[in-house]
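Enquirer: dropping the sequence and predicted coords here.
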Amino acid sequence: MSKNKTAKTRSAADKARSTEVITSIVTVLLFFGILTGLGLATVFSEKESFSETQNRKLADFPELTGKNIYSGKFTSGVEDYISDHFAGHDGWIAAKTAAELLTGKKERNDIYILENRLVEKIPEPDMEEVQKSIDGIKKFAADNHIAPYVMIVPTQAEIYKNELPANAPNPDQQAFINEVYAQLEGSAVPIDVYSTLSANKDSYIYYRTDHHWTTQGAFLAYIAAARKMDIMPLTEGSYDIDHASDSFKGTFYSKVLYEGIEPDSIDLWLPADRGEEPEVEIYSTFGAEPELHEGMYFREYLEVKDKYSTFFGTNQPMVTVRTGNEGGKLLVFKDSYAHCFVPFMTGHFSEITMVDLRYIQMSYKDLIDVSRYDKVMFLYNASTFMSDRNLKKLMY
């Protein structure tokens, strides 16, 4: 090889190395520039206290105290604060979800992303806590000389378990519900809704983007409950169905921000022969006068992301519905699955009280005179019942 050709080869190699070095420097500077820009945007941008997209309260900046620094609470609090308020937070979540789907992964933030729905990953039940819940219901029954009705509702993860990714961990909710019912035998009256929901799984009985059942799913449970409770249910044809919204994106969507699933509909089933709207008393602070609301549907929530709160508003310690109809009184201990179920029961009772033990820090005996009620129901979805730590309050 000639000297001139060797020199040209070295010159080309030097240029290539120089280009590579310059490209690397530019990439590093651009990377740090983006980080710096996002960091400055995070620091100086206006902070929100609530994310409507994620439907949750965002972290506050932690209090700087010696105790918090020593315990590590301050450091973890700062991390949570930065994570929640990082500029473009929602966009990063959506981008990460999309990237993981491209790699074939079907799970993100404990949500399975299926073809037509989002489904929550359900952890194994804490059977020690479950036993405390069972014992709490038993003691309630014995103390009040009443056999309450118990309805444990399977979630989407059970009804659509055949659609989950292969080998996805998923506790057997049917076996769990049957075991709870067996332990409550003699103390409570079980209501089987598993059979009817499973038989109607091809209908719109669960939201595609949220953890609740739909109004249609709740109607099927109402029919099953009516048979057990010796009441004559209304037929589906007895209702005018108001398709109040078709843009509901629920709690599962909030965790993954995935746009590939069709938004949900909020349907209000209104009795065709309905009269005046029932009076609803909302007890948010005990000792204070309750807030009064005309009717069970809070339509203002149709204009925000949390559209499920159209049913009785947000979770409250206690809600009483005075229906104006003839009939006895019903007491319901519940999670939020009850919110679109209870309206179906209003035609059969003059008064219905819903109690959410998660928000009550006193004995139910100081709050409610159970003897005033003709029937009592416990209504929880299976996932909540598996992890609930509040039903044990019934022991006190």
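Expert: That came through, no problem.
Enquirer: helices of this structure, start to end?
Expert: Using DSSP state H, the helices of the chain run over residues 3-44, 66-71, 73-85, 89-102, 127-144, 156-159, 173-183, 194-199, 215-229, 251-256, 342-345, 382-387.
Enquirer: give me the contacts around the fifth one.
Expert: Around helix 127-144, the neighbours that count as contacts under CB atoms under 8 Å, 6 or more residues apart in numbering are 147-148, 150, 180, 183-184, 187-188, 370-371, 376, 378, 385-389, 391-395. Where C-beta positions appear, they are placed from N, C-alpha and C, glycine not excepted.
Enquirer: now Ile191. Nearest residue, chain neighbours left out?
Expert: Excluding the flanking residues, the one nearest Ile191 by CB to CB, 6 or more residues apart in numbering is Met151, at 4.3 Å.
Enquirer: what's the burial count for the one you found?
Expert: 24 (other CB atoms under 10 Å).
Enquirer: same question for Gly186.
Expert: 8.
Enquirer: report pLDDT for it.
Expert: Gly186 carries a pLDDT value of 97.
Enquirer: how near is it to Ala142?
Expert: 10 Å (CB to CB, to the nearest Å).
Enquirer: residues of stretch 382-395 that come out buried?
Expert: By neighbour count on 16 or more other CB atoms under 10 Å, the buried set for stretch 382-395 is 382-386, 388, 390-394.
Enquirer: can you tell me what sits against it?
Expert: Contacts of stretch 382-395 (CB under 8 Å, 6+ apart): 120, 122-126, 129-130, 132-133, 135-137, 139-140, 152-155, 157-158, 171, 173, 176-177, 180, 211, 333, 335, 337, 357-358, 360, 363-364, 378, 380.
Enquirer: can you give me the end-to-end span of it?
Expert: 21 Å (CA to CA, to the nearest Å).
Enquirer: so for it, mean pLDDT?
Expert: 96.
Enquirer: now it, how far from the chain's geometric center?
Expert: Distance of stretch 382-395 from the chain centroid (CA atoms, centre = their mean, to the nearest Å) equals 16 Å.
Enquirer: what residue ranges in this protein score low on pLDDT?
Expert: By pLDDT under 70, the weakly predicted segments of the chain are 1-21, 23-24, 26-61, 64, 67-74, 76-92.
Enquirer: apply 50 and report the result again.
Expert: Within the chain, the segments meeting pLDDT under 50 span 31, 34, 38, 53-56, 85, 87.
Enquirer: which one's the longest strand in it?
Expert: In the chain, assigned by DSSP state E, the strand with the most residues is strand 239-248.
Enquirer: please identify the buried residues of that strand?
Expert: Neighbour counts over strand 239-248 (16+ other CB under 10 Å) mark 239, 244-245, 248 as buried.
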